[in-house]
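Asks: build me a model from this:
(chains A and B)
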Amino acid sequence: MTHPMRTTAASFVVLLAILVGAPATPAVDFPTGRDAVEHALNRLTFGPRPGEVERVQKMGLSAWIDQQLSPTRIDDSALTSRLPSMPQKPSTINSPQDARRYGREAVQVLAAAKITRAVYSERQLEEVLVDFWFNHFNVFAGKGRTSLFIPEYEREAIRPHVLGKFRDLLGATAKSPAMLFYLDNWLSADPKAAEQLAAQQRQRRAGRGQQPPQNAQNRKRGLNENYGRELLELHTLGVDGGYTQQDVIEVARAFTGWTIGRPESPARGRLANRRGRAAQAAPPTDMDLGDSQFRFVRALHDSGAKVVLGQRIEAGGGMEDGERVLDIVAAHPATARHIATKLVRRFVNDDPPEALVARVAARFRETNGDLREVVRAVITSPEFFAADTRRAKMKTPLEFVTSAVRATGRDMSDARPMLRALQQLGMAPYQCQPPTGYDDTAETWITAGALVTRMNVAQQIAGADRATIIGGPEFQKR
Amino acid sequence: MISRRVFVKSGAMAMVSLGFAPSFLARAAEGATGRKRLLIAIFQRGAVDGLNMIVPYGEADYYKLRPSIAIPKPGAAEGAVDLDGFFALHPRMAALKPLWDNSSLAIVHACGSPDTTRSHFDAQDYMESATPGVKSTRDGWLNRYLQATGSDSSPLRGVAVARQMPRSMQGHAPTLAVGNVEAFNVRGGMGAERELEDAFKGSSDSLLSGSAKAAFEAMRTLRTASGGPYQPAAGVEYPRSPFGQAMQEIARIAKSDVGLEIAFAEATNWDHHVAEGGTQGQIAQRLDDFARGLAALTQDLGERMSETVILTMSEFGRAVAENGNRGTDHGHGNAMLLLGGPVKGRKVYGKWPGLGADQRFEGRDLAVTTDFRDVFAEVSTRHLSLTSDALARVFPRFTASSPLGLIRA
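Replies: Just a heads-up that it's a prediction; the model follows:
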């Protein structure tokens, strides 16, 4: 079946690569067959729509992939009219009930928007990657006020960077109120600095003849390792990335003072100047969270020197300590490998082929984590198109539900049935509690119980005539 | 048959349900009904704070290191519920005290993994695969137990009441993960069901065909055995929480006599890095739900508890000292609970390492003195039917220590 011209072309590319000393990344010569296009659509989109295979075949798979990797070149105006409008964020939040109500509503609408985008956006690969990176930097809507911050988190920390630089993506998540809240860093403080701050505040209150507030947020605080650990284990190096408990502590120290606060208003600024630095540095109270943003509070920061993964961060770096840590971990070879492994698992195989992981990790390093090039390396690889890769992945519930709707070509203006199905299948958007995010392997999702649910969801979404196809075995694969 | 069951319930076997019965009576019950011995494994995901669950109130360091979240000593206002003069239950777990008193609740404290990871993900993985430090293990220990002990291919031998198959139950032996028994059937009529069953039978993918085979078999069996809404035993009230409902589903499946040997459920949300609380607050609410769910299950199962062990576990414990946010960070050793007639209860097992600075693991955590696999192995061999020859198939690269004596002979 191999076309002689193609073999020659492929050998030429490999030869060229060797000659110019580029890494031996065998550029694939794009297969053009129907099967290959269907495979690409299965893996790089939320499933082919009726007639889509033919359209992509006509356009050429290579051109289509290029286009998907530059989503701004794709007209997506038809989607906009379908997206539900987000609820208005109240300017002030006066009670925990208000906060919960708005948070719940915002996440419900966002989940509907996510499904709508997955089904109807023309920028399919971008949507797939937004899902992938949100899951990689997972935050859970059910933890306290996290839900208040999730719409902005996905829109501003995740989406703009999914085909950008990893370091930018990492930095955006590190400073996002969603992550700072979810992994508790907003409360982490140098115990000594926190003690000093509390004493100053007590003094100030006493000077004004005020009683200390009950259950004050400014009570004694200290170091919280939660973000430091997950940054190393999940976001960057990976659990086998070679860090120690001491590294976790040093990273946590570097991020003390990275917290959440109200935007600095001019009036507040003047007040702060009169009261001196301690007032300005006052940690946010719970009620402030509604309109909070990232703030660095020097008075909570541990200003001593740190040693992270063998690299010394000198004393007195202030907020830059955290940035330095992000630089160190983003450039660490274990991070390149960890990200490469996860992307290859998502796009190629549950058991990532070692040679491909190594090449993708190399691409990550030589492009300083340029995610467009890293993804390109994965999805244009021979392994991606290999015969035994095709239909070797099982659809996650999200992929199953959205691909079912896409396959029918039906117009679904109401996302609620799909969201209910995802709830039943254990993959509701923004509802994954642990920071690991949802799993991406077949064994987790293909179980006796889940198959029965899928058969019933197929009935519901596809109607009786197609239920046995969409609920059947072939449709579970991608 | 019915009269025998009535006799069994009302007569001598009442003793069994209290956990006092000699083992021959329990075996007689087993023989009479054709029932298998049952293990119900409960995973507290997120690392429960074992020191606030089973409180070592005899340790001065416990109070020194937890100024805002320690549970007061028994006798104090909102004090812990004393067990043995040194350990006590969190006051919101008082629902379990009667089981301690009738000797069907035991605790293994300072129990955990030889691996020192403080990663939730890794530690859960190691506990569920029961191969600490080895990541390449594909199947879970409960699945390997099923593989090693039966040729019966019914997926109803092992049921996880969960939407996803937990790692502990993954593997070649057919098992079932189901959220709710009542919703477990294919809609669209028998025609659709048959067509789908045939399609999956023909699939070349063994995961798909195997899971579907298990699903259709289980559906048929459960349809026959337990139709309609479930009615718990008189007076039993399950918490309306996900955990309470999971406990109820387990009772329903166990009582429908479909050959259940291993049941699994999880209790979530224990990762309290901030504002953990003590007698009130987050952990108190979670433990309240947990204890009431367990207590309801034991009451609902009634005399079946004579052949049932409930075993609770969590991936690791939490640091002895509270952190800077009145919460606790990830630690090491933890406590496991065992409940049921076969349990030699009213005792806290395991060597207590103490909480002093030099007694703590890495200066900060409760040390581990009992390998969690020793507990798993003992339950598998003494309560369930695993032979010591087959022990290595379920717990590879593991040599069991001498038994703790958790299970009645």
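Asks: for the residue in the stretch 301-450 of chain A positioned nearest to chain B, give me its contacts.
Replies: Nearest residue of the stretch 301-450 of chain A to chain B: residue A:426, at 3.2 Å (C-beta to the nearest C-beta). The way it works is simple: take the backbone N, C-alpha and C, and place the C-beta from them, glycine included. Going by C-beta atoms under 8 Å, 6 or more residues apart in numbering or on different chains, residue A:426 touches A:397, A:450, B:162-164, B:179.
Asks: out of those residues, which is nearest to residue A:478?
Replies: residue A:397 (12.4 Å; C-beta to C-beta).
Asks: what's the burial count for that closest one?
Replies: 23 (other C-beta atoms under 10 Å in any protein chain shown).
Asks: surely it and residue A:429 touch.
Replies: No. Residue A:397 is beyond contact range of residue A:429, at 10.4 Å (criterion: C-beta atoms under 8 Å).
Asks: shared neighbours of those two, which are they?
Replies: Between them, residue A:397 and residue A:429 share the contacting residues residue A:422, judged by C-beta under 8 Å, 6+ apart.
Asks: which element is the closest residue to chain A within the stretch 201-350 of chain B on?
Replies: The nearest approach of the stretch 201-350 of chain B to chain A comes at residue B:324, 1.8 Å away (C-beta to the nearest C-beta). Under DSSP states H and E, no helix or strand contains residue B:324.
Asks: just the contacts of residue A:426: which are in helices?
Replies: A:397, A:450 (DSSP state H).
Asks: contacts only, for residue B:251.
Replies: Counting by C-beta under 8 Å, 6+ apart, residue B:251 has contacts B:230, B:232, B:297, B:300-301.
Asks: where does residue 47 land on pLDDT?
Replies: Since no chain was named, I'll use chain A. What the model reports for residue A:47 is a pLDDT of 98.
Asks: hmm, no, I was thinking of chain B.
Replies: 97.
Asks: roughly how far does it sit from residue A:434?
Replies: When distance is defined by C-beta to C-beta, to the nearest Å, residue B:47 is 11 Å away from residue A:434.
Asks: re earlier: ignoring the adjacent residues along the chain, who's closest to the residue of the stretch 201-350 of chain B closest to chain A?
Replies: residue A:222 (1.8 Å; C-beta to C-beta, 6 or more residues apart in numbering or on different chains).
Asks: gap between the nearest residue to residue B:73 once chain neighbours are set aside and residue B:88?
Replies: Spatial nearest neighbour of residue B:73, chain neighbours left out: residue B:57 (4.6 Å); criterion: C-beta to C-beta, 6+ apart. Separation of residue B:57 from residue B:88 (C-beta to C-beta): 5 Å.
Asks: and residue B:179, what pLDDT?
Replies: pLDDT, read off for residue B:179, is 85.
Asks: give me the number of residues near the closest residue to it other than its chain neighbours?
Replies: Using C-beta to C-beta, 6+ apart and skipping the chain neighbours, the partner closest in space to residue B:179 is residue B:163 (5.0 Å). Residues lying near residue B:163 (other C-beta under 10 Å) number 20.
Asks: list the contacts of residue B:163.
Replies: Counting by C-beta under 8 Å, 6+ apart, the residues that residue B:163 touches are A:424-426, A:449-450, B:177, B:179.
Asks: neighbour-wise, give me the winner out of these.
Replies: Going by other C-beta under 10 Å, residue A:449 tops these with 30 neighbours.
Asks: count the neighbours of the nearest residue to it once chain neighbours are set aside for me.
Replies: Distance criterion C-beta to C-beta, 6+ apart; nearest residue to residue A:449, sequence neighbours excluded, is residue B:178 at 3.9 Å. Using other C-beta under 10 Å, residue B:178 has 28 neighbouring residues.
Asks: please apply the same query to residue A:386.
Replies: Neighbours of residue A:386 using other C-beta under 10 Å come to 16.
Asks: same thing with the one 5 residues further on?
Replies: Neighbourhood size, residue A:391 [other C-beta under 10 Å]: 17.
Asks: now residue A:325
Replies: When neighbours are counted by other C-beta under 10 Å, residue A:325 comes out with 27.
Asks: which helix or strand contains it?
Replies: helix A:320-330.
Asks: got the contact list for that helix?
Replies: Applying C-beta under 8 Å, 6+ apart, the external contacts of helix A:320-330 come out as A:166-167, A:170-171, A:174, A:231-232, A:235-237, A:251, A:253-255, A:258, A:301, A:306, A:308-309, A:311, A:313, A:317, A:335, A:369.
Asks: following that helix in sequence, what is the next regular element?
Replies: Counting by DSSP H and E, the next helix or strand C-terminal to helix A:320-330 is helix A:333-347.
Asks: avg pLDDT for that next one?
Replies: Mean predicted confidence for helix A:333-347 is 98.
Asks: show me what it is packed against.
Replies: With contacts taken as 3 or more C-beta pairs under 8 Å, 6 or more residues apart in numbering or on different chains; DSSP states H and E, helix A:333-347 sits against helix A:124-136, helix A:354-366, helix A:371-379.
Asks: for that helix, the distance to its chain's centre please.
Replies: 14 Å (C-alpha atoms, centre = their mean, to the nearest Å).
Asks: okay, buried residues for that helix please.
Replies: Residues of helix A:333-347 classed as buried under the neighbour-count rule (16 or more other C-beta atoms under 10 Å in any protein chain shown) are A:334-347.
Asks: how about residue B:263, phi and psi?
Replies: phi -120, psi 150 (degrees, to the nearest 10).
Asks: residue A:297 now?
Replies: Dihedral angles (degrees, to the nearest 10) for residue A:297: phi -110, psi 100.
Asks: now the contacts of residue B:251 in CSV, with distance to residue B:153?
Replies: Compiled in CSV, the contacts of residue B:251 are given as follows (distance: C-beta to C-beta, whole Å):
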residue, distance to residue B:153
B:230, 26
B:232, 30
B:297, 27
B:300, 29
B:301, 26
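Asks: narrow the residues you listed to those in strands?
Replies: With DSSP state E as the criterion, strands contain none of the contacts of residue B:251.
Asks: contacting residues for residue B:208?
Replies: Taking C-beta under 8 Å, 6+ apart as the test, what residue B:208 contacts is A:394, A:446, A:451, A:473, A:476-477, B:200.
Asks: and the stretch 301-409 of chain B, which of its residues are near chain A?
Replies: B:323-325, B:327, B:329-330, B:362 (C-beta under 8 Å from any C-beta of the partner chain).
Asks: for these, pick the one with the most neighbours.
Replies: Result: residue B:329 is most packed of these (other C-beta under 10 Å), 27 neighbours.
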